[in-house]
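Q: build me a structure from this.
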Amino acid sequence: MTDVSAADSGGLVRFVSRRTRLLGMPALFVACILATALIHPDFGSFDVQSLALGALPLAMAAAAQTIVVISGGIDLSVGSLIAVSNVLAASLMQHASFGASLGIAVLILILGAAQGAINGLTVAISRIPDVVVTLTTGFIWGGVALLILERPGGGAPAAFLNIAAGADVSAWLPNALIVMIVVIAAIWLPIKLSRIGLLLYASGSDPVAAFRSGVDIRVARTLAYTFGGIACAAGGLALTMTTGIGAPLAGTYYTLSSVAAAVIGGVSLAGGRGGMVGPVIAALLLTLIPMDLVFLGIDPNYGQVIQGTLIVVVVMIGGFVTFMQERK
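A: Numbers count the residues shown, from 1 in each chain. Predicted coordinates:
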């Protein structure tokens with residue numbers, strides 16, 4: 001009996017150790033939720049709905065960045081792509097019906113894919129580092145957003161805004177969380193369950209070995225940015241749902257925060273490692289931190305300090321773990 005118990009304990013330890021990246025973020029998020037409940041005893045279903053609604057655009061941005069980083073790149077135009085989609089949606093949907101708004105949303109998703117493909121093709125063909133290309137295109141798309149809408153404005157029909165508002169299924173299961181899960185799953189599962197996922201992970205893990213194995217790195221990178229563009233467009237639509245207007249400068253926040261969510265969520269900046277669950281939970285965590293600071297009566301701008309500290313700590317821990325594994 002003792003041997004069986006010891007075997008079960010050893011198996012549990014091995015299971016947890018092999019899935020540290022997968023289990024770490026949910027555990028940290030649950031711990032933060034419990035801490036929030038202690039800080040703010042009145043924390044209830046309405047606060048959960050506000051958290052999910054606030055995290056929705058960032059989760060989409062994190063998904064976009066994660067796809068690109070896994071392929072071995074980085075996208076500094078994420079915020080600008082979200083801003084373009086946001087202002088375009090707010091401008092076109094302002095006087096549109098709900099049905100027309102859904103059609104506009106589909107069009108924006110297609111345009112997002114095209115914008116992402118342009119980024120990917122530019123990186124693949126020019127062979128200029130991703131940082132330089134996406135920083136440049138980020139300025140371009142940011143300028144396009146300002147041309148579409150010079151200042152915050154526009155709008156969308158109430159029925160479109162209500163897609164993510166409230167909680168129709170349960171008070172503790174916000175519509176925004178359901179939308180988040182469904183949309184990100186619709187983008188990520190076709191990648192994860194198909195040859196595209198293999199291409200992205202291979203090109204990010206070891207581009208030289210992948211090329212020698214017959215993987216077209218240029219195609220892989222282009223696909224990554226294309227899917228990332230779709231996620232950014234979804235983020236822009238989510239921003240329209242959550243704010244009800246178009247804001248051409250709102251995307252600035254999402255570029256660096258998307259990188260933060262990806263890193264904190266366990267995605268290696270070197271590429272080839274990571275998944276989608278961690279970054280999405282990290283997006284919720286990064287939205288929860290400012291809420292906790294408000295509950296504590298602390299300036300929420302300190303949230304950026306905490307965000308940066310988390311990135312440094314996570315990167316250092318990742319580096320230490322890698323160093324220990326290499327020593328073995």
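Q: can you show me the helices along the stretch 1-150 of the chain?
A: 2-18, 20-39, 45-70, 78-93, 98-126, 130-148 (DSSP state H, counting those that start in this stretch).
Q: between these, which gets nearest to Ala176?
A: Across the helices of the stretch 1-150 of the chain, Ala176 has its closest neighbour in helix 45-70 (3.9 Å, CB to CB). To be clear about C-beta, it is placed using only N, CA and C from the backbone, and glycine gets the same treatment.
Q: can you point out the buried residues in the closest one?
A: Along helix 45-70, these residues count as buried under the neighbour rule (16 or more other CB atoms under 10 Å): 47-49, 51-70.
Q: ok, residues contacting whichever strand or helix holds Ala260?
A: Assigned by DSSP states H and E, Ala260 belongs to helix 252-264. Helix 252-264 is contacted by residues 25, 57-59, 61-62, 64-66, 69, 74-80, 82-83, 138, 235, 269, 274, 278-280, 282-283, 285-286, 307-308, 310-311, 314-315 when judged by CB atoms under 8 Å, 6 or more residues apart in numbering.
Q: hmm, Ala167 is touching Pro174, no?
A: Yes. Contact criterion CB atoms under 8 Å: Ala167 and Pro174 qualify, at 4.8 Å.
Q: ok, those two, which is more surrounded?
A: When neighbours are counted by other CB atoms under 10 Å, Ala167 and Pro174 differ, and Pro174 comes out ahead with 26 against 18.
Q: for stretch 259-271, measure first residue to last.
A: Start to finish, the residues bounding stretch 259-271 are 13 Å apart (CA to CA, to the nearest Å).
Q: how about that stretch: buried residues?
A: By neighbour count on 16+ other CB under 10 Å, the buried set for stretch 259-271 is 259-268, 271.
Q: Asp206: which of these is nearest?
A: Distances from Asp206 to the buried residues of stretch 259-271, taken by CB to CB, are shortest for Gly271, at 9.0 Å.
Q: using the three-state scheme, assign the nearest residue to the closest one once chain neighbours are set aside.
A: Nearest non-adjacent residue to Gly271, counting by CB to CB, 6 or more residues apart in numbering: Gly204, 2.9 Å away. Per DSSP: H, G, I helix; E, B strand; the rest coil, the local secondary structure of Gly204 is helix.
Q: quick one: Gly204 from Leu223, how far?
A: As judged by CB to CB, to the nearest Å, Gly204 and Leu223 stand 12 Å apart.
Q: more neighbours: those two, which one.
A: Between Gly204 and Leu223, counted using other CB under 10 Å, Gly204 has the larger neighbour count: 26 against 22.
Q: for the more buried one, give its distance to Ala260.
A: Remark: distance between Gly204 and Ala260 (CB to CB) = 19 Å.
Q: please apply the same query to Ala250.
A: 17 Å.
Q: so the residue nearest the centre of the chain versus Asn175, what's the distance?
A: For the chain, the residue sitting closest to the mean C-alpha position, by CA atoms, centre = their mean, is Ala62 at 1.3 Å. Distance of Ala62 to Asn175, computed by CB to CB: 19 Å.
Q: and for Val294?
A: The gap separating Val294 from Asn175 is 23 Å, by CB to CB.
Q: who's more crowded, those two?
A: Counted by other CB under 10 Å, Val294 and Asn175 do not tie: Asn175 has more neighbours, with 20 against 14.
Q: OK, contacts around the more buried one?
A: Counting by CB under 8 Å, 6+ apart, Asn175 touches 162-169.
Q: what does Gly120 give?
A: Contacts of Gly120 by CB under 8 Å, 6+ apart are 221-226.
Q: repeat that for 6 Å
A: 221-222, 225-226 (CB atoms under 6 Å, 6 or more residues apart in numbering).
Q: try Leu173
A: Leu173 makes contact with Ala167, according to CB under 6 Å, 6+ apart.
Q: across the sheet, point out what pairs with it.
A: Ser170 (DSSP bridges).
Q: please tell me how far it sits from Met25.
A: Computed as CB to CB, the Leu173 to Met25 distance reads 20 Å.
Q: picking that back up, what angle separates the helix holding Ala260 from helix 20-39?
A: For helix 252-264 against helix 20-39, the angle by axes from the mean of the first three to the mean of the last three CA atoms, to 10 degrees is 120 degrees.
Q: next, the angle from helix 252-264 to helix 45-70.
A: Using the same axes, to 10 degrees: helix 252-264 against helix 45-70 is 80 degrees.
Q: mind checking how far helix 252-264 is from the chain centre?
A: Averaging C-alpha positions (CA atoms, centre = their mean, to the nearest Å) puts helix 252-264 8 Å from its chain's average.
Q: what angle sits between it and helix 78-93?
A: With the same axes, to 10 degrees applied, the angle from helix 252-264 to helix 78-93 works out at 130 degrees.
Q: one step back: comparing the helices of the stretch 1-150 of the chain by mean pLDDT, which bottoms out?
A: For these, the weakest mean pLDDT is recorded on helix 2-18, namely a mean of 50.
Q: element containing Leu200?
A: Element membership for Leu200, per DSSP H and E: helix 195-205.
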